[in-house]
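Enquirer: Got a predicted model here, sequence first, then my questions.
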Amino acid sequence: MARRERIFACQACGAVYGRWQGKCDACGAWNTVAEENASRLAPVSGASSSTRGKGRAFQFEALHGATEEARRTRTGIAEFDRVTGGGFVRGSVLLIGGDPGIGKSTLLIQASAALSGAGARVVYISGEEATAQVRLRAERLGLAQSPVAVAAETNVEDIIATLSRGPAPQLVVIDSIQTMWTPLVESAPGTVTQVRASAQSLIRYAKTSGATVILVGHVTKDGAIAGPRVVEHMVDAVISFEGEGAHQFRILRASKNRFGPTDEIGVFEMTGTGLAEVGNPSAQFIAGRDQHAAGSAIFAGMEGTRPLLMEIQALVAPSALATPRRAVVGWDNNRLAMVLAVLDAHGGLRFGGYDIYLNVAGGLRIVEPAADLAAAAILASSLTGAVIANDIVICGEVALSGAVRPVGQMAARLKEATKLGFSRAVVPSIGVEGVPADIAVERVANIAELVSLIARGTPERPEPSVRSGR
Ligand code: TYD
Ligand code: MG
């Protein structure tokens with residue numbers, strides 16, 4: 001009989017220790033290390049020699065050879081399929097995380113209904129809500145007639161035993177992994193050990209049965225998927241569902257995907273009757289802007305393979321504080337500090353005594369450095385009061401030297417801009433190719449040129465726009 005090993009695991013990050021300690025060395029959290037029963041956990045390295053030699057010998061295979069293309073099941077919700085890389089792969093496990101109330105259950109019940117409507121066998125297991133609540137939501141969404149099999153269960157072994165009885169379903173939704181528990185381990189539901197063991201069982205089920213399993217995961221205040229990070233490593237894809245609570249837009253974004261790209265996003269809108277796909281996100285994100293106010297510009301961004309125009313706004317106002325305020329929503333604080341420093345050092349603009357607020361409209365989050373130039377432009381615009389005309393898009397990366405650096409996929413960005421009626425673009429002086437015929441580009445080599453362009457003003461064109469000969 002193997003001696004039962006006592007191990008202690010951090011309930012926040014999953015780090016394992018040989019003895020108890022008050023603070024986790026790995027993640028710095030206090031009072032999160034708890035004793036766990038190691039004997040049934042995943043193999044621990046350093047197995048004793050008695051267990052060695054009992055393994056089964058296996059055959060190696062060559063790297064080349066015929067492999068079949070991963071079989072995929074499309075949900076029919078195009079924005080969802082785009083993020084997964086063209087549908088769910090057979091036997092794969094996806095983890096979908098997001099703030100409470102963002103719409104995870106709504107999205108998954110809609111996807112379940114769409115799939116089952118197309119003839120697939122879909123099982124929806126709710127560990128958080130009673131079946132009556134799930135039914136109510138489905139009724140509200142007008143999907144109550146879909147042949148989705150619903151159950152309110154939390155015992156993973158029961159779930160797998162039930163699923164194993166009939167033919168394997170194509171899709172199993174587990175809402176949420178934090179509510180699941182398995183009698184195989186002793187810890188309480190919701191602990192790292194339980195979440196990890198439940199996820200392991202469900203992943204094993206997916207691999208052996210060929211069903212796609214979607215695990216819903218809660219998100220902590222700082223944005224990480226709650227419970228062990230290890231679940232993220234175990235699954236095939238990690239998808240987050242994000243959005244500002246007050247905004248109706250919701251963005252689906254993959255941060256890990258073994259079967260597809262990670263830079264595609266899916267855009268949804270929360271309506272009274274569930275999530276609606278947003279087919280033309282650029283038009284939505286720039287709709288309703290104040291076209292004649294300083295401190296606003298349109299950034300020609302890229303999300304994966306899809307160009308996306310976004311409005312970005314800044315307010316620069318005299319500060320009464322000793323340390324002026326810098327508040328950023330939807331962009332990176334550090335990049336703001338960097339762009340401000342460059343504007344100061346190379347553009348001659350002094351922001352010292354001003355509070356600065358920067359916001360990306362529509363609840364979007366920009367991660368591309370290509371937004372630097374647009375941010376610099378609106379900061380200069382808000383400081384000087386010079387309005388950036390409403391037919392201009394801006395795109396470029398700013399270097400610490402003040403140089404404006406080229407960005408990728410300029411042609412796609414500009415094409416999207418022309419589609420939405422923009423007739424001018426402020427772009428880097430190099431690396432801009434494939435400019436569509438109906439857009440006039442203004443090339444800026446460095447931040448000083450941008451500042452003088454903004455100060456000179458960008459007079460608005462009378463409608464319909466007349467193209468300049470530049
Ligand atoms: P839900 O899917 O329960 O969120 P999660 O599972 O991520 O916690 O959705 C919750 C919110 O969505 C809730 O606050 C109400 C709103 N909602 C709508 O606006 N319209 C709808 O049709 C539905 C079903 C929900
Ligand atoms: Mg839910």
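Expert: Done, it's in. Ligands and ions are numbered 1, 2, ... in the order given.
Enquirer: where does Thr67 sit relative to Arg74, distance-wise?
Expert: Distance of Thr67 to Arg74, computed by C-beta to C-beta, to the nearest Å: 21 Å. In short, each C-beta sits where N, CA and C put it, glycine included.
Enquirer: Geometric centre of this protein: which residue is closest?
Expert: Nearest to the geometric centre of the chain sits Arg253, at 3.1 Å (C-alpha atoms, centre = their mean).
Enquirer: export the one helix or strand that one maps to as CSV, just CAs?
Expert: Element membership of Arg253, judged by DSSP states H and E, is strand 249-257. The C-alpha coordinates for strand 249-257 follow below in CSV (Å, rounded to 0.1, in the frame of the first residue of the first chain):
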residue,chain,number,x,y,z
PHE,A,249,-21.4,45.3,-26.3
ARG,A,250,-19.9,42.0,-25.4
ILE,A,251,-16.6,40.8,-26.8
LEU,A,252,-15.6,37.1,-27.1
ARG,A,253,-11.9,36.7,-27.2
ALA,A,254,-9.7,33.6,-27.2
SER,A,255,-6.5,33.8,-25.1
LYS,A,256,-5.5,30.2,-25.8
ASN,A,257,-6.6,28.0,-28.7
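Enquirer: Looking at Thr67 and Arg74, which has the bigger crowd around it?
Expert: With neighbours defined as other C-beta atoms under 10 Å, Thr67 and Arg74 compare such that Arg74 has more, 16 against 6.
Enquirer: where along the stretch 251-400 of the chain do the strands fall?
Expert: 265-271, 274-277, 296-303, 306-318, 326-329, 354-360, 392-394, 397-398 (DSSP state E, counting those that start in this stretch).
Enquirer: Each with direction, which strands does the first one pair with?
Expert: In this case it means strand 265-271. Counting by DSSP bridges, the strands paired with strand 265-271 are strand 249-257 (antiparallel), strand 274-277 (antiparallel).
Enquirer: now do the last one
Expert: When sheet partners are counted by DSSP bridges, strand 397-398 sits next to strand 404-405 (antiparallel).
Enquirer: Give the buried residues for the helix or strand following the partner strand.
Expert: The element immediately downstream of strand 404-405 (helix or strand, assigned by DSSP H and E) is helix 410-419. Neighbour counts over helix 410-419 (16 or more other C-beta atoms under 10 Å) mark Met410, Arg413, Leu414, Lys415, Glu416, Ala417, Thr418 as buried.
Enquirer: How about stretch 274-289?
Expert: Residues of stretch 274-289 classed as buried: Gly274, Leu275, Ala276, Val278, Pro281, Ser282, Gln284, Phe285, Ile286, Arg289 (neighbour count, 16+ other C-beta under 10 Å).
Enquirer: Those residues also near ligand 1: which ones?
Expert: For ligand 1, the contacts drawn from these by C-beta under 6 Å from any ligand atom are Gly274.
Enquirer: which element is Ala113 on?
Expert: Using DSSP H and E, Ala113 falls within helix 104-117.
Enquirer: outside of the helix or strand just after that helix, which residues touch it?
Expert: Following helix 104-117 in sequence order, the next helix or strand is strand 122-126 (DSSP H and E). Residues from elsewhere that reach strand 122-126, judged by C-beta atoms under 8 Å, 6 or more residues apart in numbering: 105, 108-109, 112-113, 115-116, 133-134, 147-153, 159, 163, 169-175.
Enquirer: I'd assumed Pro307 was in contact with Ser282.
Expert: Yes: contact criterion C-beta atoms under 8 Å: Ser282 and Pro307 qualify, at 7.1 Å.
Enquirer: sec struct for Lys207, please.
Expert: Secondary structure, DSSP: H, G, I helix; E, B strand; the rest coil: Lys207 is helix.
Enquirer: about what we covered before: list the buried residues of the helix holding Ala113.
Expert: Of the residues in helix 104-117, 104-116 count as buried by neighbour count, 16+ other C-beta under 10 Å.
Enquirer: Quick check: mean pLDDT of that helix?
Expert: Across helix 104-117, the average pLDDT comes to 94.
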